[in-house]
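>>> give me a 3D structure for the following:
(4 chains, ligands or ions: 4)
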Amino acid sequence: MAQTVFIEAINQAITEEMRRDENVFIMGEDIRRAVYGATADLLGEFGEKRVLDTPLSENGFFGAAIGASLVGMRPIVETLTSFMWVGMDQLISQAAKMRYMFGGQATLPVVYRATMFYGAGSAAHHSDRSYPMFMNMPGIKIVVPSNPADMKGLLKSAVRDDDPTIIFEDGTLFGMRGEVPDDAELPQGELVVPFGEAKIVREGTDVTIVGIAGAVNHAIVVADQLAADGISVEVIDPRTLVPFDKQTVLDSVEKTGRLVIADPAHKVCSAASEIASIVAEEGFWSLQAPIQKVASEQVHIPYTPSLEKLVYPDVAKITAAVKRTLES
Amino acid sequence: MAQTVFIEAINQAITEEMRRDENVFIMGEDIRRAVYGATADLLGEFGEKRVLDTPLSENGFFGAAIGASLVGMRPIVETLTSFMWVGMDQLISQAAKMRYMFGGQATLPVVYRATMFYGAGSAAHHSDRSYPMFMNMPGIKIVVPSNPADMKGLLKSAVRDDDPTIIFEDGTLFGMRGEVPDDAELPQGELVVPFGEAKIVREGTDVTIVGIAGAVNHAIVVADQLAADGISVEVIDPRTLVPFDKQTVLDSVEKTGRLVIADPAHKVCSAASEIASIVAEEGFWSLQAPIQKVASEQVHIPYTPSLEKLVYPDVAKITAAVKRTLES
Amino acid sequence: MTRTDAGGELCVTKATVLLLAARIGLLQKPEGLTVDIDRDLLLLMLRRMWMIRNFELKVMEVHAAGEFTGAAHPYIGEEAVAVGACAALEDTDYITGNHRSHGHPIAKGGRVDKAMAELYGRIDGYCKGKGGSMHLADYSIGILGESGILGSSVPVAVGAALAAHIKGEKFVSLAFFGDGASNQGALHESMNLASVWKLPIIFLCENNQYAVTTSYAETVAVEHVSDRASAYNMPGLLIDGQDAIAMYEATSAAVARARAGEGPTLIEGLTYRYEEHSLGLGRVRRGEYRSQEEIDSWRKRDPLEILEGSIISQGVATREECDAINAETLDEVERATDFARNSPFPEPEELFEDMWANPIPQP
Amino acid sequence: MTRTDAGGELCVTKATVLLLAARIGLLQKPEGLTVDIDRDLLLLMLRRMWMIRNFELKVMEVHAAGEFTGAAHPYIGEEAVAVGACAALEDTDYITGNHRSHGHPIAKGGRVDKAMAELYGRIDGYCKGKGGSMHLADYSIGILGESGILGSSVPVAVGAALAAHIKGEKFVSLAFFGDGASNQGALHESMNLASVWKLPIIFLCENNQYAVTTSYAETVAVEHVSDRASAYNMPGLLIDGQDAIAMYEATSAAVARARAGEGPTLIEGLTYRYEEHSLGLGRVRRGEYRSQEEIDSWRKRDPLEILEGSIISQGVATREECDAINAETLDEVERATDFARNSPFPEPEELFEDMWANPIPQP
Ligand SMILES: Cc1ncc(C[n+]2csc(CCOP(=O)(O)OP(=O)(O)O)c2C)c(N)n1
Ligand SMILES: Cc1ncc(C[n+]2csc(CCOP(=O)(O)OP(=O)(O)O)c2C)c(N)n1
Ligand SMILES: [Mg+2]
Ligand SMILES: [Mg+2]
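Residues are numbered from 1 along each chain as shown, chains lettered A, B, ... in the order given. Ligands and ions are numbered 1, 2, ... in the order given. Next comes the predicted model:
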């Protein structure tokens, strides 16, 4: 088991997949010189044709990745969530819709690595956490890793999956260290984390917290802190939102009777809203208290730290929500 | 009270607002010749400068409307929901975010009239019902009229409101007739429907149905049909989703104990999900049965009528959902 | 005002096309102007043009009769553009298209039975009835699919060309789009990408001079869409879109350039839509946006007459042989219509099929 | 390879600019080449350029000291572009900008104290600390705001010009964007819209030759961004962006054209970024994407030296007067920094303010 930094885990996954399959290539802005860090050393190993710096034309190159995927390539596109608005049409009208529209003729193994930089003064234009919008539109698999090992294993799955995938990389985790097993240690010989399998990160019996992306780590802190008070918290990391492993959540709520969802997205029509609505329908009889949604306030991300820190779910807010469910 | 067709109600609202305020103008594709019908006769009355045909450049002219609104104009933009992907960046990065980002300096009284054509073989590229995505992003008011009178009154409010608004015009209602009061009949002298006030369309005591846009009319049919069976259904039309009048819904559920939400959007992260999550949190103790979400299946809109008709909420599905809440 | 005020005279002839091509260095030998097209190819082009014409006429007939609903955008009058262009391609080359979507796949060799069944929303249609008129596709012969969102399929075509570039393969890609769509940002980004990467792609603008009711003179800021090529450092060719041979020659030159690794070309086929924008858009009254004279003057340069004229006058085939081709396609379209009518609608279980290549549970 | 390989020589001089302008009919009288700029304006330009330079130097200093975090993109080396351009505008004209965002508002007459307080995230900042470095705006003097999304503010500027057009008013609008952003589809759509509607707008490309680490030669398919003007039927001017007077003259001509109802102009100011792309992007090692020789050769044509040179040599002001202006701006920047430091952070209640003009309940 090696201690690996989140961003290195990304780099490992890309490198290994590019070695494994010559149809895998990567494109994005300033990736040769690895401005955002994840693409370090790729140019040297794989050359200019498979490590493509693009003009600032997200709609154009998002679409080019789609076209390449249709004819046998497996592109990885690096971008930020906030630049996806510019390329939205290709993501929705083409990537998400093509296969169904063409009666299954189109196969699009394209991966978008969309980094969410938030929480460090990036302001409204650079802090989007937009996965709930993409959940509303069928056709794209949505991945939200919360630690280096999942980041690596899920990215590898994404490259091998035959459907379009967006990996929402939580920028607050880029420096996170975590254990990433060496391939040799693994029975299957490599780290590939399947889609649609939630992970129970902490087992508990009093309340369930479902965390999304970076919020999983806050939930773990809450669980550890509350354990000292004798409160037993179960923490679930869905890891992928499309597909979403609802059974693990429903089973947990059946056991605990209480649900808190911690989601860094804006709270209206968030992943938290969706999960709450599933449990309110399918797990209703298990619930012993109101569901608590702890998501970002419905405002834009302010630049100033004095306001920005008020926006997101954090340990204090999640703890308060857990207590609310226990008190009611 | 005049019987008015939905699309005429749109035309009336635009005409009246353009007469009232010379800063109001309209732009869109082929609007002079009123290809979609709503802009008939505007060119003759208001001239070329206030009835602008645009090139097929949605991102460009969505943004131009924003810029014009910043300097004193009140633009109305005609488009279809499905063309908004192409202009997404202007809607999100500029319309939704500018005011907050600039500390309140920017005022953007811009209205996007986005028609949702669905249900009549328009297929995946022309059938989007995308309001839930815009609900996730703060900064845009979201309007979903379900009948001619509300269409007219809400559009007039939108033009007068100082914030960006998207009116999701339900294309399945374009031919709907309904009573639209003449201005002379109204105490305030004109039909202006305020934002954020849900309407209780049918009063009832056994179960609450919240309907969105065209689904309101299905809900009314369900209520009327079930009344014959002695089931008393309350139907609520929120009319605007941002702002959302949650109190009316919570009060109703307090009375009925049962909630069904009928929403033509895709069901994951839908308006229905959001409303369900609100009630699961704030109205939990009123609930006597699982919440039922009746929204569109999580597939793209198939062209063929044999499949398309299976996708959306309809009278049968809503009725079944009502029965489920009563049986549990 | 439209660009054809000068009495229906087009500003291009085949000679000018080739001159243009020579001027911008696309053709090496300006003296070798006449491209040899063999008889089979000429007759294949004629067959495909008749196939499109007869298919569209049938579509108008059955649509009017209510046999299916939904929008459909007739390609009548523009047949030479797609057929001439696609005649320069192989089955292993790729195309993408737009809402005016029947001509491109037929021109590329697609099957009219599966196309018609798709319009009828039947299970034997190209997309099992899920796509409909605006989304025909045949992945077995490089038809990557038509797009109802304008400009949106152009970056996709760039991507197919990018794959050829990365893998060092020889296939090319061709994107059809209209004069209206040329104002989409996607076009700008695509042409720039293709040029900086020297991709093997042909941008093929079908300038039928209107976007619904709007003349391109009112919305395209330059005189010709092809003038924009210079902004991307690629050749731009303005071609007589009523002349299939001219379209074929220009596209062949662009394909040769693409296969040689020299990069993209923008071709504008100047043409005309005979019918209204879309079946069912009754509101769009003809007289309001174009004159009868204009329509008539364009109809005088019918692409089928022009091609048959060349074929017959050059002795490639006789009038009777040409008529036989027309008749055969008429027949095939009839059979296709019967095929469509007899194909069943998809069963409800089909609804959830084809969403995913690696399926996931329905939420 | 970059465009300045030829020993730091620029391919434009003021004379070529004016020649160009004359050729495309932007200036009526080519013989009247020398535009008279009065002393006050020249000194105002100098003052604003020093203000930007000193502001940015201070920003680098306090950012390095950790007084605030968040990205900031220094405008050092490019001062003549924004200042020359904005000198041709009135307070009632509008500008929009981008992520490299301090130069434009200062050039338009914005206040450095409110700008600095914004960078510090304080309540007295231009946006009450909500916007930060990339989102300065001053609606009282036509600064509609900088945009962190590239190309995204250009359609907005088109809209301001559209308002002038509709209302028949005389104000104009100017959009700043980089060479990198010129590849965004938004630019294409904006330039086409402005041209077909003949809007009073100036598209001002600050070509500092790089987008982060990528040379524009690798991503812009034409030789000069301004060459693209022909694709939109508007004049395109390539201007020496180190020469404030050239920028002023070219922009003045474009503004005159705009106010006269003749439509838009594309101006490319060829310039250079002295510093790294952004404060805090330590990873971007200089040597990897541009050479020290290149940087040095550009630094030799410093925009402040060039303007001071003209001012002094033409007897408009003395070296001492110029130095005094520098010193005054240094002082003002110091006071602005103190103002920023002493301004409080926004209180928590501020979080929900400024979302809506007509407020609604928080969900
Ligand atoms: C992005 C987008 N905007 C608008 C439309 C609506 N629309 C469909 S066809 C059409 C006109 C297209 O004109 P052109 O590109 O010239 O193609 P033509 O119909 O003339 O073949 C319009 C505006 C659309 N489908 N997509
Ligand atoms: C749509 C979008 N894509 C990418 C970025 C990331 N980014 C910020 S600045 C920059 C380079 C911009 O280059 P240019 O337009 O030349 O401006 P310069 O920084 O040189 O002034 C990039 C790629 C962005 N902010 N927005
Ligand atoms: Mg057209
Ligand atoms: Mg630059």
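
>>> quick one: terminal-to-terminal distance for stretch C:224-238?
Length of stretch C:224-238, first residue to last, C-alpha to C-alpha, to the nearest Å: 8 Å.

>>> how about stretch C:83-92?
For stretch C:83-92, the separation between the terminal residues is 16 Å (C-alpha to C-alpha).

>>> same question for stretch C:143-160.
End-to-end distance for stretch C:143-160: 11 Å, by C-alpha to C-alpha.

>>> report the buried residues of stretch C:132-142.
Judged by neighbour count (16 or more other C-beta atoms under 10 Å in any protein chain shown), stretch C:132-142 contains these buried residues: C:132-139, C:141-142. C-beta coordinates here come from the backbone N, C-alpha and C atoms, glycine included.

>>> which single one of those is nearest to ligand 4?
residue C:142 (38.3 Å; C-beta to the ion).

>>> re the thing from before, let's have the buried residues of stretch C:132-142 in a markdown table, adding secondary structure, distance to residue A:50 and pLDDT.
Putting the buried residues of stretch C:132-142 into a markdown table (DSSP: H, G, I helix; E, B strand; the rest coil; distance: C-beta to C-beta, whole Å; pLDDT from 0 to 100) gives the following:
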| residue | secondary structure | distance to residue A:50 | pLDDT |
| --- | --- | --- | --- |
| C:132 | coil | 38 | 98 |
| C:133 | helix | 39 | 97 |
| C:134 | helix | 35 | 97 |
| C:135 | helix | 32 | 98 |
| C:136 | coil | 33 | 98 |
| C:137 | coil | 28 | 98 |
| C:138 | strand | 30 | 98 |
| C:139 | helix | 25 | 98 |
| C:141 | helix | 28 | 98 |
| C:142 | coil | 24 | 98 |
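
>>> near chain A, from those residues?
C:135, C:137-139 (C-beta under 8 Å from any C-beta of the partner chain).

>>> just these now: which is nearest residue D:108?
residue C:135 (48.6 Å; C-beta to C-beta).

>>> how much space between that closest one and residue B:55?
According to C-beta to C-beta, to the nearest Å, residue C:135 and residue B:55 sit 25 Å apart.

>>> what's the span of stretch A:233-249, first residue to last?
Stretch A:233-249 has its terminal residues 13 Å apart, counting by C-alpha to C-alpha.

>>> actually stretch A:294-309, not the one I typed
14 Å.

>>> does that stretch reach chain B?
Yes: for stretch A:294-309, a contact with chain B is found by C-beta under 8 Å from any C-beta, at A:298-300, A:302.

>>> show the average pLDDT along that stretch.
Here stretch A:294-309 scores 98 as its mean pLDDT.

>>> next one: it to chain centre, how far?
The chain centroid and the centroid of stretch A:294-309 are separated by 20 Å, computed with C-alpha atoms, centre = their mean, to the nearest Å.

>>> tally of neighbours for the nearest residue to residue C:325 once chain neighbours are set aside?
Counting by C-beta to C-beta, 6 or more residues apart in numbering or on different chains, residue C:47 is the residue found nearest to residue C:325 once chain neighbours are left out, at 5.1 Å. A count of neighbours around residue C:47, defined by other C-beta atoms under 10 Å in any protein chain shown, yields 18.

>>> which SS class is residue C:47?
Reduced to three states with DSSP: H, G, I helix; E, B strand; the rest coil, the structure at residue C:47 is helix.

>>> mind listing what it touches?
Neighbour list for residue C:47: C:325, C:328-329 [criterion: C-beta atoms under 8 Å, 6 or more residues apart in numbering or on different chains].

>>> and the closest residue to residue C:259 other than its chain neighbours, how many neighbours?
Of all residues beyond its chain neighbours, the one nearest residue C:259 is residue C:170 (5.4 Å), with distances taken as C-beta to C-beta, 6+ apart. Taking other C-beta under 10 Å as the neighbour definition, residue C:170 ends up with a count of 14.

>>> check the gap between residue C:170 and ligand 2 for me.
Taking C-beta to the nearest ligand atom, to the nearest Å as the criterion, residue C:170 is separated from ligand 2 by 33 Å.

>>> again, but for residue A:180
Between residue A:180 and ligand 2 the computed distance is 29 Å (C-beta to the nearest ligand atom).

>>> would you confirm that that residue contacts residue A:12?
Yes: look at residue A:180 against residue A:12 with C-beta atoms under 8 Å: they come within range, at 7.5 Å.

>>> mind listing what the nearest residue to residue A:232 once chain neighbours are set aside touches?
Using C-beta to C-beta, 6+ apart and skipping the chain neighbours, the partner closest in space to residue A:232 is residue A:204 (4.0 Å). Applying C-beta under 8 Å, 6+ apart to residue A:204 gives the contacts A:223, A:232-235, A:256.

>>> ok, back up a step: for the residues of stretch A:294-309 next to chain B, work out which two are farthest apart.
Using C-beta to C-beta, the residues of stretch A:294-309 next to chain B reach their maximum pairwise distance at A:298 and A:302, which is 12.9 Å.

>>> what about the two, which has more around it?
Here residue A:298 and residue A:302 are compared on neighbour count by other C-beta under 10 Å; more neighbours surround residue A:302, at 31 against 21.

>>> isn't that one up against residue A:121?
No: with contacts counted by C-beta under 8 Å, residue A:302 stays clear of residue A:121, the gap being 9.2 Å.

>>> show me the contacts for the residue of chain A found nearest ligand 1.
In chain A, the residue that lies nearest ligand 1 is residue A:89 (7.6 Å; C-beta to the nearest ligand atom). Residues touching residue A:89, when contacts are defined by C-beta under 8 Å, 6+ apart, comprise A:59, B:85-86, B:88, C:149, C:152, C:186.

>>> is the helix or strand harbouring it anywhere near ligand 2?
Secondary structure here is read from DSSP states H and E; on that basis residue A:89 sits in helix A:88-89. No: against ligand 2, helix A:88-89 shows no contacts by C-beta under 6 Å from any ligand atom, the least distance being 11.4 Å.

>>> quick check, distance from that helix to the centre of its chain.
What separates the centre of helix A:88-89 from the centre of its chain is 20 Å, taken as C-alpha atoms, centre = their mean.

>>> name the next helix or strand following it along the chain.
Read in the C-terminal direction, the helix or strand following helix A:88-89 is helix A:98-101, with elements assigned using DSSP H and E.

>>> can you spell out which helices and strands pack onto that next one?
Secondary-structure packing of helix A:98-101 (3 or more C-beta pairs under 8 Å, 6 or more residues apart in numbering or on different chains; DSSP states H and E): no helix or strand packs against it.

>>> can you list contacts of it?
The set of residues external to helix A:98-101 that reach it, using C-beta under 8 Å, 6+ apart, is A:66, A:70, A:105-108, A:138-139, A:163, B:123-125, B:299-300, B:302, C:127, C:130-131, C:135, C:145, C:354-357.

>>> buried subset of those residues as a ChimeraX selection?
For anyone working in ChimeraX, the buried entries among these, judged by 16+ other C-beta under 10 Å, can be selected with:
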select /A:66,70,105,106,107,108,138,139,163 /B:123,124,125,299,300,302 /C:127,130,131,135,145,354,355,356
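
>>> I'd like to know which of the contacts of helix A:98-101 are part of helices.
When these are checked against helices (DSSP state H), the matches are A:66, A:70.

>>> with adjacent residues omitted, what lies nearest to the residue of the stretch 101-250 of chain C found nearest ligand 2?
Ligand 2 sits closest to residue C:189 of the stretch 101-250 of chain C, with a gap of 11.2 Å, by C-beta to the nearest ligand atom. Among residues not flanking residue C:189 along the chain, residue A:60 sits closest, at 2.9 Å (C-beta to C-beta, 6+ apart).

>>> where does the one you found land in three-state SS?
Secondary structure of residue A:60, reduced to three states by three-state DSSP: helix.

>>> for it, give me its contacts.
Residue A:60 sits next to A:54, A:87, C:155, C:158, C:186, C:189-190, C:192-193, D:183, D:185 when contact means C-beta under 8 Å, 6+ apart.

>>> all helices for the stretch 151-300 of chain C, in order.
Assigned by DSSP state H, counting those that start in this stretch, the stretch 151-300 of chain C shows helices spanning C:154-167, C:185-196, C:216-219, C:244-259, C:292-299.
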